[in-house]
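**Student:** Build me a model:
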Amino acid sequence: MSDNPKNKKNKSADQEPFDDNHVIGGDSIVISSNSKKTAIPKELPVMALRNAVLFPNTVLPISVGRTRSRAVIDFVTREHSLFVAAAQFDDSIENPELDALNPVGVTARVVKVVNMPDNTLTVIINGIERVNLLEQTQSEPFIKATIRRSRESKISDEQKERLKVLISSIRDKAAEVFRLMESAPPEAAIAVRNINDDNFLINLVASNINAETDAKLQLLQCTNIYDRAEKLMEIIERQLQYLQLRDDIQSKARQGIDRQQREYMLQEMTRTIQDELGDNPQDALVAKYREAAEKKVWGEAAQQAFDKELERFARLNSNSPEYGICQNYLDAMVALPWGDYTQDNLDLNRAQQVLDQRHYGMDKVKERILEHLAVLKLKGDLKSPILCLYGPPGVGKTSLGKSVAEALGRKYVRMSLGGLHDEAEIRGHRRTYIGAMPGRILENIRIAGSSNPVFILDEIDKVSSDYHGDPASALLEVLDPEQNTAFHDNFLDLDYDLSKVLFIATANNVASISAPLLDRMELIPVDGYLLEEKVQIAQRHLFPKEIENNGLKPEQLKLSDDTVAYLIEKYTRESGVRNLDKEIAHLCRKVALEVARKDDAKSDTPAELQPADVKRLLGNEKFDHDIWHDDLPAGVVTGLAWTAVGGEILFVECAASKGKGKMTLTGNLGDVMKESAVLALEFVRSNADNFHIKDVDFDNENFHIHVPEGAVPKDGPSAGITMVTAIVSALTGRRVKKRIAMTGEITLRGMVLPVGGITEKILAAKRAGITDIILCSENKKDIEDIKPVYVEGLNFHYVKHIAEVVNLALEAEPLNNTQNDHQ
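**Tutor:** Below you'll find the predicted structure:
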């Protein structure tokens with residue numbers, strides 16, 4: 001039968017050539033019950049059944065092809081003899097012996113033999129009764145064995161009562177199984193309800209139900225009717241659950257197919273009616289696409305791709321899975337601004353005015369934009385530059401893009417690249433994927449509505465990569481002026497011209513940007529602001545904005561420049577103005593609260609706030625920037641450091657004591673800074689005479705170098721000269737001169753190397769009250785690029801060798817005219 005998957009597997013094995021004793025069609029054919037016992041000989045031929053079990057009082061059609069089996073059939077038909085049908089344990093054995101057969105078989109007689117075209121026999125056999133196979137007496141030409149009639153064991157009275165219930169359940173359940181079985185004849189369900197002989201009922205159901213051979217053999221081996229009924233009930237329950245589940249699945253599948261066929265027929269009828277009436281929505285949509293395409297200024301390749309896709313769309317049925325994908329493609333094509341450009345405003349004076357009005361400072365960026373406008377005005381056509389603004393957070397890199405767009409008269413779009421890790425976000429998805437869409441580059445171009453917007457690529461230094469691809473590599477095509485004339489999007493599978501787009505990337509740290517990508521951009525540093533610049537930004541932009549946002553009037557809140565400077569120095573610690581904006585908003589809310597509680601005339605808050613009022617409203621001061629101290633002992637030197645939030649001064653402390661030449665570094669120093677300390681000590685040790693260090697046995701001296709604020713991680717090479725100076729100062733007792741700081745890297749030969757972050761470091765020095773700064777001579781060019789207002793009041797000392805640093809930084813005589821006590 002075909003209802004049970006396991007039987008299907010067996011049946012496929014049964015199709016091998018000359019494989020005999022297999023079930024053909026149904027499992028068995030029922031004959032009437034015959035309770036009369038037939039006399040049987042003590043020795044009978046034995047036929048091995050493969051993948052089939054014969055039960056008493058049932059008829060089973062089998063296919064006979066093996067030599068021994070044919071010999072049995074020939075013998076019993078010639079001699080009109082009985083034989084024993086026994087199932088073999090292993091179906092793969094071609095000629096099993098008696099020990100490979102089930103010890104319980106069924107005596108049988110041949111009812112009919114039919115010769116088949118494939119040289120096999122189809123034999124219908126009738127089972128009579130169960131017997132036990134005892135001993136094999138013959139092997140060729142077929143097996144003979146002694147047999148004994150199986151004895152039926154008695155059952156208890158309780159089991160007899162339970163048997164009645166079991167038989168009743170078997171009738172009902174078996175009828176339901178036969179009803180659900182595709183291979184069972186319709187009259188089978190009726191037959192089981194009309195059989196009164198319990199043994200015959202059990203044999204009939206067991207023979208016709210789909211079950212594994214092992215389960216049927218266990219049933220055949222049961223020695224009493226109660227055990228057989230219980231075992232059969234288990235088999236029926238499993239089969240019924242399987243058939244009910246299969247029927248439920250097929251029913252739902254038929255319902256789905258019927259519904260789909262119904263919908264398809266209705267849609268076809270609707271489409272036919274619409275065609276007759278000349279009112280087909282799909283035709284109208286195709287006409288709409290054609291009309292939109294006529295207005296597009298695109299190349300021949302784009303036109304051909306559009307026409308091909310539109311023809312395909314016109315032929316598709318709206319129920320086709322391809323319909324939505326095709327429509328999305330056409331929508332994307334007609335939505336993009338192919339060849340649409342906004343007219344640039346080439347008024348240089350207006351552009352300068354807009355940029356100055358929106359942003360304070362940033363002269364380099366403004367100058368670069370004006371240069372682009374000037375060349376565009378003279379030449380008439382120019383590829384847009386690829387700019388990268390880098391600097392600390394909060395200095396206005398992103399907001400500058402809006403001002404540039406306004407100055408040029410272009411559309412403005414922004415795309416954040418922070419955390420981007422999928423290349424498809426840039427290039428788009430191929431249309432083979434479900435939910436495919438264009439990349440975010442072309443999507444933002446569509447939103448802008450023009451092919452030459454100002455496009456901000458925010459946080460380009462925070463692009464990541466994983467198994468989805470490397471977005472930084474995909475950006476190479478976007479940001480390369482030689483390639484972005486034909487930017488290829490995977491969804492469109494076409495090239496799009498991005499050469500007129502003004503890309504402005506922003507970054508905090510260019511060191512994390514890949515070298516190929518960095519090479520394609522024009523780097524423009526956006527440094528932190530001076531205190532004076534922050535005061536002007538707060539007075540011109542931040543305070544007016546927050547006063548309006550918090551419902552105040554300009555006359556209700558005024559701050560002098562000194563008060564704003566106090567707010568900046570004591571409540572913020574940054575290169576930009578982001579946190580300053582938050583503190584101003586906080587201050588405005590506090591003032592708004594007091595104004596709302598009382599009438600303006602009775603308010604305790606004065607119209608012009610003083611530093612004391614700021615402290616009362618905002619609470620205790622949050623920061624106290626490091627300032628220069630005039631009482632520094634020998635061994636303490638002031639250095640300059642760059643941080644992500646701007647420049648800072650730091651103190652490098654060195655102490656020497658008797659010991660075993662051990663060096664201790666504390667202050668949460670990074671690997672590079674630790675290397676600088678080791679390098680500094682080794683240089684001082686090898687050049688002790690040049691520094692007038694006498695009577696010092698370095699092998700018996702312990703050195704401890706500490707950089708305060710140990711909870712703050714510190715790293716970088718720019719503290720090299722500071723550490724050398726601190727060690728020399730500690731060993732000679734010569735103090736560092738007043739109001740002097742330094743920054744620079746050293747080599748083992750004592751050469752001073754240039755470092756970065758000069759502008760931020762200078763700002764930190766000015767805040768701390770430093771007047772003299774020691775730098776590498778190669779950093780002189782960086783100082784010349786800085787505005788004069790930044791360096792006003794500072795004296796710069798340019799050096800090439802560490803000896804110059806020591807001579808410039810340390811006083812001529814040691815403290816108290818003696819060297820330290822350890823000497």
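
**Student:** okay, how far is it across stretch 747-754, tip to tip?
**Tutor:** From its first residue to its last, stretch 747-754 covers 11 Å (C-alpha to C-alpha, to the nearest Å).

**Student:** Helix, strand or coil: sort out V755 for me.
**Tutor:** With DSSP: H, G, I helix; E, B strand; the rest coil as the basis, V755 sits in coil.

**Student:** any idea how far S718 is from G670?
**Tutor:** Separation of S718 from G670 (C-beta to C-beta, to the nearest Å): 12 Å. Yep, even glycine has a C-beta here, placed from its N, CA and C like the rest.

**Student:** okay, the two: which has more neighbours?
**Tutor:** With neighbours defined as other C-beta atoms under 10 Å, S718 and G670 compare such that S718 has more, 26 against 12.

**Student:** what sits against the closest residue to the more buried one other than its chain neighbours?
**Tutor:** Distance criterion C-beta to C-beta, 6 or more residues apart in numbering; nearest residue to S718, sequence neighbours excluded, is V755 at 4.0 Å. Shown in contact with V755 (C-beta atoms under 8 Å, 6 or more residues apart in numbering): G716, P717, S718, T743, G744, E745, C776, N779.

**Student:** cutoff 10 Å now
**Tutor:** Counting by C-beta atoms under 10 Å, 6 or more residues apart in numbering, V755 makes contact with 640-642, 716-721, 743-745, 761, 775-776, 778-779, 782.

**Student:** Can you tell me how far it is from T137?
**Tutor:** Plainly put, V755 is 106 Å away from T137 if you go by C-beta to C-beta.

**Student:** if we can go back for a sec, quick one: buried ones out of the contacts of V755?
**Tutor:** Neighbour counting over the contacts of V755 (16 or more other C-beta atoms under 10 Å) leaves 640-642, 716-721, 743-745, 761, 775-776, 779, 782 as the buried ones.

**Student:** Show me those that map onto strands.
**Tutor:** Secondary structure defined by DSSP state E assigns L640, A641, W642, E745, L775, C776 of those to strands.

**Student:** Quick check: bridge partners of the last one?
**Tutor:** By that I understand C776. Beta-bridge partners recorded for C776 (DSSP bridges): V799.

**Student:** one step back: which neighbours do S718 and G670 share?
**Tutor:** Common neighbours of S718 and G670 (criterion: C-beta under 10 Å, 6+ apart): S676.

**Student:** For the strand ranked longest in the chain, which strands pair with it and how are they oriented?
**Tutor:** Ranked by residue count, the top strand of the chain under DSSP E comes out as strand 121-138. Using DSSP bridges, the strands paired with strand 121-138 in its sheet are strand 58-64 (antiparallel), strand 104-115 (antiparallel), strand 143-149 (antiparallel).

**Student:** how close does the residue nearest to S718 get to D624?
**Tutor:** Taken as C-beta to C-beta, the span from V755 to D624 is 26 Å.

**Student:** which strands and helices sit next to the helix or strand where K582 lies?
**Tutor:** K582 belongs to helix 578-597 when assigned by DSSP states H and E. Applying 3 or more C-beta pairs under 10 Å, 6 or more residues apart in numbering; DSSP states H and E, one finds that helix 578-597 contacts helix 531-537, helix 543-549, helix 561-571, helix 611-618.

**Student:** tell me the angle the longest one makes with helix 578-597.
**Tutor:** Spelled out, it's helix 561-571. Counting by axes from the mean of the first three to the mean of the last three C-alpha atoms, to 10 degrees, helix 561-571 points 110 degrees away from the direction of helix 578-597.

**Student:** Skipping its backbone neighbours, what lies nearest I236 in space?
**Tutor:** Spatial nearest neighbour of I236, chain neighbours left out: K173 (4.6 Å); criterion: C-beta to C-beta, 6+ apart.

**Student:** how about the strand or helix carrying that neighbour: buried residues?
**Tutor:** Using DSSP H and E, K173 maps to helix 157-180. Going by neighbour count (16+ other C-beta under 10 Å), the buried part of helix 157-180 is 159, 163, 166-167, 170-171, 173-178, 180.

**Student:** immediately after it, which helix or strand?
**Tutor:** With elements assigned by DSSP H and E, the helix or strand that comes after helix 157-180 is helix 187-193.

**Student:** Run through who's touching that next one.
**Tutor:** Taking C-beta under 10 Å, 6+ apart as the rule, helix 187-193 contacts 26, 30, 170-181, 185, 201, 204-205, 208.

**Student:** What residues sit buried inside it?
**Tutor:** Buried residues in helix 187-193, counted by 16+ other C-beta under 10 Å: A188, A189, A191, V192.

**Student:** now the residues you listed as TSV including pLDDT and distance to T107?
**Tutor:** Below are the buried residues of helix 187-193 laid out as TSV (pLDDT from 0 to 100; distance: C-beta to C-beta, whole Å):
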residue	pLDDT	distance to T107
A188	73	25
A189	74	29
A191	77	24
V192	78	24
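
**Student:** Out of those residues, the closest to Q261 would be?
**Tutor:** Nearest to Q261 among the buried residues of helix 187-193 is A189, at 31.1 Å by C-beta to C-beta.

**Student:** And the closest one, how far from H629?
**Tutor:** Counting by C-beta to C-beta, the gap from A189 to H629 is 105 Å.

**Student:** And for V728?
**Tutor:** For V728, the distance to H629 (C-beta to C-beta) stands at 20 Å.

**Student:** Could you check which of those two is surrounded by more residues?
**Tutor:** Taking neighbours as other C-beta under 10 Å, V728 and H629 compare with V728 leading, 29 against 13.

**Student:** need the contact list for the closest residue to D671 other than its chain neighbours.
**Tutor:** The shortest distance from D671 to any residue other than its chain neighbours is 7.0 Å, reached at D715 (C-beta to C-beta, 6+ apart). Each residue near D715 by C-beta under 10 Å, 6+ apart is listed here: A641, N668, L669, G670, D671, V672, M673, K674, S676.

**Student:** which residues of the stretch 551-700 of the chain score low on pLDDT?
**Tutor:** Applying pLDDT under 70 to the stretch 551-700 of the chain flags the ranges 599-606, 625-628, 644-646.

**Student:** lowest-confidence helix or strand of this structure?
**Tutor:** helix 5-13 (a mean of 35; mean pLDDT, DSSP states H and E).

**Student:** Now for P41, how many residues are close by?
**Tutor:** Neighbour tally, P41, other C-beta under 10 Å: 10.

**Student:** Next, the buried residues of the host helix or strand of V478.
**Tutor:** According to DSSP H and E, V478 maps onto helix 471-479. For helix 471-479, the neighbour count (16+ other C-beta under 10 Å) marks P471, A472, A474, L475, L476, E477, V478, L479 as buried.

**Student:** Can I get those residues in JSON lines including pLDDT?
**Tutor:** Shown next, in JSON lines, are these (pLDDT from 0 to 100):
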{"residue": "P471", "pLDDT": "84"}
{"residue": "A472", "pLDDT": "83"}
{"residue": "A474", "pLDDT": "83"}
{"residue": "L475", "pLDDT": "87"}
{"residue": "L476", "pLDDT": "86"}
{"residue": "E477", "pLDDT": "85"}
{"residue": "V478", "pLDDT": "86"}
{"residue": "L479", "pLDDT": "86"}
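
**Student:** can you put those residues in TSV and add distance to R78?
**Tutor:** TSV is the format used below for those (distance: C-beta to C-beta, whole Å):
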residue	distance to R78
P471	86
A472	89
A474	85
L475	91
L476	90
E477	89
V478	92
L479	95
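
**Student:** ok, of the residues you listed, which one's closest to K662?
**Tutor:** Distances from K662 to the buried residues of helix 471-479, taken by C-beta to C-beta, are shortest for A472, at 45.3 Å.

**Student:** any low-confidence regions in the stretch 1-150 of the chain?
**Tutor:** Within the stretch 1-150 of the chain, the stretches with pLDDT under 70 are 1-38.

**Student:** can you map out the helices along the stretch 201-350 of the chain?
**Tutor:** Here the stretch 201-350 of the chain has its helices, by DSSP state H, counting those that start in this stretch, at 213-221, 225-277, 281-294, 300-315, 321-335, 348-358.
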